[in-house]
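*Asks:* Just the structure for this:
(2 chains)
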Amino acid sequence: MDPCNPPPHENAPVIETRKQLVSAMQDASELEHLLMICYLHAALTLKKANEPGITPAEAEVVRRWEAKTLMIARQEMEHLGLVNNLLIGMGEAPYLYRPDFPLMSDFFDHLDLPFRLERYNKRAVRRFVKFEKPDDPYLEGLGYDLSELEPKKLEPVLTGGPEEPLQLLRARSLNQGIDFKSIQELYRAIQVAINNCNGFEELNNLFRGSASREPYQDFQFNFEMNIFTFPVTDARTANAAINLILKQGEGIDSQPGYSSHFHIFSEILEEFKAANRDNAAFEPAWNVVLNPSKENVTDPFALDAMDFFNDSYTTMVYMLLGFYAYFSPESCDQSFMNISTALQETAFAPMMTMIVRPLGEIITRRPSGEGPFYAGPNWDLVPDKDQPLPDGESLLRLPPEKDLPDFFINRLGLMERQGYRLKELAAELKLPADVQKRLEFMCENITRMDANFQRIITS
Amino acid sequence: MRNWETLDIAFEGYFMCRLTTDPDPTDEKRGVSGYTLALASETDLDNYILLNPSEEYLKKNFRNPGPRLVQQRKLSLGVKVKSATVNGKQYLPASLLVGGTVNLLDRDFNSGDVGPTFEGRNDIVGSDDNVEFPIDPFIIDIAHPGHPGVRIQRKDVLAHDLPLWKLPPGVYQDRLGLPPALEPSLEVMEAIGVYDFSEYFNNRAKDIAGLIKNVDQEAAETNMDSRALEEMYKTRLYVIEFFGDRIRSRLGMQRIWNFHIEGSEGLIEGIEEAERRLDPQTPWPVTFWFGGYDGDLMIGYMRGALHVPFE
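*Replies:* As a prediction, this is how the structure comes out:
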């Protein structure tokens, strides 16, 4: 496909400068990150077989929803990776920051689409469909119920507290005078700029980065996980990345029936409605409070677990930031002797699947306090106390490369202490045996991850 | 090459392991995002290596069409002793072991519905990507239910007898096994009689589709909810379709172990001649492989041999 043909519609935003392009890509990074967390959070609230209030038949349907939602979240991570590869390919710094929840983005303001942490309910799924919705021409004749997707058509808020405190996320590109209306529009504008379809002088010679510093030169995710990443080093690979993102998300230029995120969430929404027709009381998720926070969660165990979760999740993001910022295949060639290998072997499967996910599942099954609601993680990025942020700056900041090993060893040590403290608290409070067992397993794994990390960087 | 005589006990057969698979956490009980799942009527996933699962365990966890394949003699579950020989010739004192069971025991030396585990922990101890799972603990137990006084058993003891997660990888390399030179493994394909993995799972999908058509009858026979049965079958179809190559490729995978069982004294009962004793102290070489894993039925194949030196 020719990225410059057909030309964008006449009202489409146009990127004219490198600075605007970088801002747009940082917006893309924030959006992918926010979407990923919205999906992960909802998935963590879904009930499993043998949990209360769900029949065996419903549990199977719900399990498939969770599997599909987690797959989509993994692909959002892939998109985040591809956007960062694109930034690095252009010689820019990786960008993994995002603001805290809940918030309303300029992007979706006209659609009333807040980024909120919400349990898996029909309203949330409808919102996910709208997030991933392609621009209208792509939907014609494909059989989707477009009435579901009308702007402002959302269900009443079922909050766990007072009015939802939405902050406004002002897109970075807006500061550059560019206003995008959808994810598709954002990526298309980036693509038009990368190919310099309009011939702006400032958009010539964009790729100034060193390809050898880009992750995935000699590291790839397992394709078996439905994650496809590759180096982005020029306009050709950038086009491939953007086309893949839009195909997986919105289904752009896909075959009919392709399992885009939009298609999958649309199917889930239909299944949800069918399940409700069969059983009006069908409730697939734990009744997790909307936008969990220290204001609407009072249970002491849940509060400690939320802190532990945030520090673990932040450590993971720091690790990914370090992985992108300091990756070099030359250092990888000295097998097991460098920070990038240590980060690669810790940040992905161990942190994501063995700490963040199980801890999230523990929290969403704990009462939030008095009342009918359950707690949930609030996914705050908590900057390290030894890496203070300059006034007015909200980005996560890494120490210099020479200090990275100690920085991460300290972070893992912090997690270890929090984990064991939480395990002790669970025992004191006589929480169910399966919770205590899960925490003990998690503590073992953090201890071992810490040892693995130290072994790799010192061997 | 060994320069001493050994009693060579060869064994093989299908084992069962309700394995958790990445990206599920390895303590995920029901299975969500990996290719292995505990269906609503089944017990939790546990990662236990059950070489001879009990009838009760199978009743809960061995899915259709598994039992039907057993009935049709197309499949036989259980790792059994095939021969007991010395220098390739039958060794009569140990012949009572032939047809007996080979089991791996849990830390408390119990054989039953708990067992030793494939320890993966998603790249923390081992890795699911290439089925690089160390086995922990490793206590081999060979006996024959028809001959109560006959048994051979030994535990492999790692440094300080600690669990794997507490040890550096170098200490348990032996327990990790190695991949074969070529995959898919011809030996595995021959052992399970499957050479076309796509056809194998296409047939499985057809089997499951057929089971969906008969859920009402199955529900009446099993006292289960027909809607639940139908949804369980749909989940299995989803997994086979979604994971495609990943679940298919596991059929041809093989992991080979070859190490010495040591650090403890072996137990030898009822298989020796008075004038020729087996040595319970010398390390016992053991070599075996696991492979041919069917992630839908959660069974795989094992073949190997234990070599017990004479004093």
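
*Asks:* so what pLDDT did the closest residue to chain B within the stretch 251-400 of chain A get?
*Replies:* Relative to chain B, the nearest point of the stretch 251-400 of chain A is residue A:349 (4.2 Å; C-beta to the nearest C-beta). Heads up, the C-betas are built off the backbone N, CA and C, glycines and all. Residue A:349 is assigned a pLDDT of 92 by the prediction.

*Asks:* Kindly report the same for residue B:214.
*Replies:* At residue B:214, pLDDT is 95.

*Asks:* how many neighbours does it have?
*Replies:* By other C-beta atoms under 10 Å in any protein chain shown, 13 other residues sit near residue B:214.

*Asks:* Likewise for the one 5 residues further on?
*Replies:* Applying other C-beta under 10 Å, we find 16 residues neighbouring residue B:219.

*Asks:* Go ahead and confirm it touches residue B:226.
*Replies:* Yes - using C-beta atoms under 8 Å, residue B:219 is in contact with residue B:226, at 3.7 Å.

*Asks:* Poorly predicted segments of the chain, please.
*Replies:* All of this is about chain A. Low-confidence segments of chain A (pLDDT under 70): A:1, A:107-112, A:137-138, A:140-142, A:146-163, A:211-225, A:328-337, A:388-394.

*Asks:* try chain B instead
*Replies:* Checking chain B against pLDDT under 70 turns up B:1-3, B:111-114.

*Asks:* Which stretches in it count as helices?
*Replies:* Taking DSSP state H as the criterion, chain B contains helices spanning B:55-61, B:66-71, B:173-176, B:186-192, B:197-213, B:215-222, B:226-252.

*Asks:* Name the residues of the third one that are buried.
*Replies:* For helix B:173-176, a neighbour-count test (16 or more other C-beta atoms under 10 Å in any protein chain shown) marks B:174, B:175, B:176 as buried.

*Asks:* where's the last one relative to residue A:450, distance?
*Replies:* Between residue B:176 and residue A:450 the distance, using C-beta to C-beta, to the nearest Å, works out to 21 Å.

*Asks:* List the backbone torsions phi and psi for residue B:29.
*Replies:* Main-chain torsions, residue B:29, degrees, to the nearest 10: phi -80, psi -30.

*Asks:* What is the burial count for it?
*Replies:* 19.

*Asks:* which residues touch the residue lying closest to it once chain neighbours are set aside?
*Replies:* In space, and not counting its chain neighbours, residue B:29 is closest to residue B:44: 3.9 Å by C-beta to C-beta, 6 or more residues apart in numbering or on different chains. Residue B:44 makes contact with B:18, B:29, B:30, B:38, according to C-beta atoms under 8 Å, 6 or more residues apart in numbering or on different chains.

*Asks:* please redo it, this time with the cut-off set to 10 Å
*Replies:* Under the criterion of C-beta atoms under 10 Å, 6 or more residues apart in numbering or on different chains, the neighbours of residue B:44 are A:49, A:50, A:434, B:18, B:20, B:27, B:28, B:29, B:30, B:31, B:38, B:61.

*Asks:* which of these are buried?
*Replies:* The neighbour count (16+ other C-beta under 10 Å) marks A:49, B:18, B:20, B:27, B:28, B:29, B:30, B:31, B:38, B:61 as buried among these.

*Asks:* Quick check: phi and psi at the second one.
*Replies:* Backbone geometry at residue B:18, expressed as degrees, to the nearest 10, gives phi -90, psi 80.

*Asks:* give the contact list for the nearest residue to it once chain neighbours are set aside.
*Replies:* Nearest residue to residue B:18, sequence neighbours excluded (C-beta to C-beta, 6+ apart): residue B:45, at 4.8 Å. By C-beta under 10 Å, 6+ apart, the contact set of residue B:45 is B:17-21, B:24, B:26-31, B:34, B:36-38, B:61, B:298.

*Asks:* can you do 8 Å?
*Replies:* B:18, B:19, B:20, B:28, B:29, B:30, B:31, B:36, B:37, B:38.

*Asks:* Ok, residue A:200 next?
*Replies:* Applying C-beta under 8 Å, 6+ apart, the residues near residue A:200 are A:16, A:17, A:193.

*Asks:* circling back to that earlier point, what's the most distant pair in the buried ones among the contacts of residue B:44?
*Replies:* Using C-beta to C-beta, the buried ones among the contacts of residue B:44 reach their maximum pairwise distance at B:27 and B:61, which is 18.0 Å.

*Asks:* Which one, of the helices of chain B, ends up nearest to chain A?
*Replies:* Within these, the stretch nearest chain A is helix B:226-252; the backing value is 3.5 Å (C-beta to the nearest C-beta).

*Asks:* buried set for the closest one?
*Replies:* By neighbour count on 16+ other C-beta under 10 Å, the buried set for helix B:226-252 is B:226-240, B:242-243, B:246-252.

*Asks:* Repeat that for stretch A:91-100.
*Replies:* By neighbour count with 16+ other C-beta under 10 Å, stretch A:91-100 contains the buried residues A:92, A:94, A:95, A:96, A:97, A:98, A:99, A:100.

*Asks:* Sounds good, over and out.
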